[in-house]
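*Asks:* Provided below for reference: sequence and predicted model.
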Amino acid sequence: MLALYALPLLLALAETPASPPPSTSPAVTASPAPQASASPAPSASPNPFAYVVAPNPAQTGSPRILEVALNDRVLHVGGMLLVRVTTSPDVTGVVARTWDHAVVIPQGSPGYFAGQTQLPSMIPFFLLNRTYQIDFVASTADGRTATYTLPVRLER
């Protein structure tokens, strides 16, 4: 019974489609010439990923998980969950799994998997204030896999 509620945060993630990575090509618009100012220009929006982990760079071969990013190391009931996994380009699927549950993380482009959702507000008390080991598994079309385990804490 406990396994049914182990990762409501990841189960909810499967319901949200991924958004593709932002385009790096500039938009073509007419604008007035820039004027000199004494104050620095405001920076781009802040990075929403506070918990970014890059597995051992000494990995060789393929597939590879290059980076796993979450909005925070401690997730809260009813809060937002953002996840981004960057892999080698040959990876065709990424799943997050724990306690015999697996959730597919949607692919945005080759080597880029991401999603966001709001965590459920009704999570049983006995699942809170615990750290869970989440396995991120990247797989290729021919069945090769790479795994990286990340601890995540779930709190009220």
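*Replies:* Perfect, I can see it now.
*Asks:* report the buried residues of stretch 84-97.
*Replies:* Residues of stretch 84-97 classed as buried: 84-88, 90-91, 93-97 (neighbour count, 16 or more other C-beta atoms under 10 Å). In this view, the C-beta of every residue, glycine as well, is placed from N, C-alpha and C.
*Asks:* quick check: the farthest pair among the residues you listed?
*Replies:* Longest distance between any two of the buried residues of stretch 84-97 is 20.6 Å, between Asp90 and Arg97; criterion C-beta to C-beta.
*Asks:* just to be sure, Phe126 is in a helix?
*Replies:* Yes. With DSSP: H, G, I helix; E, B strand; the rest coil as the criterion, Phe126 is assigned to a helix.
*Asks:* quick one: the helices in the protein?
*Replies:* Listed in chain order, the helices found in the chain under DSSP state H are 8-13.
*Asks:* confidence score at the nearest residue to Ala50 once chain neighbours are set aside?
*Replies:* With sequence-adjacent residues excluded and distances taken as C-beta to C-beta, 6 or more residues apart in numbering, Ala50 is closest to Asp72, at 5.2 Å. According to the per-residue confidence, Asp72 scores 94 in pLDDT.
*Asks:* from Thr98, how far off is Asp72?
*Replies:* Per C-beta to C-beta, to the nearest Å, Asp72 is found 17 Å from Thr98.
*Asks:* returning to that earlier point: my guess is the residue nearest to Ala50 contacts Met80. True?
*Replies:* No. Between Asp72 and Met80 no contact is recorded; they are 9.1 Å apart, counting by C-beta atoms under 8 Å.
*Asks:* the two: who's more crowded?
*Replies:* It is Asp72, of Asp72 and Met80, that has more neighbours when counted by other C-beta atoms under 10 Å, with 16 against 13.
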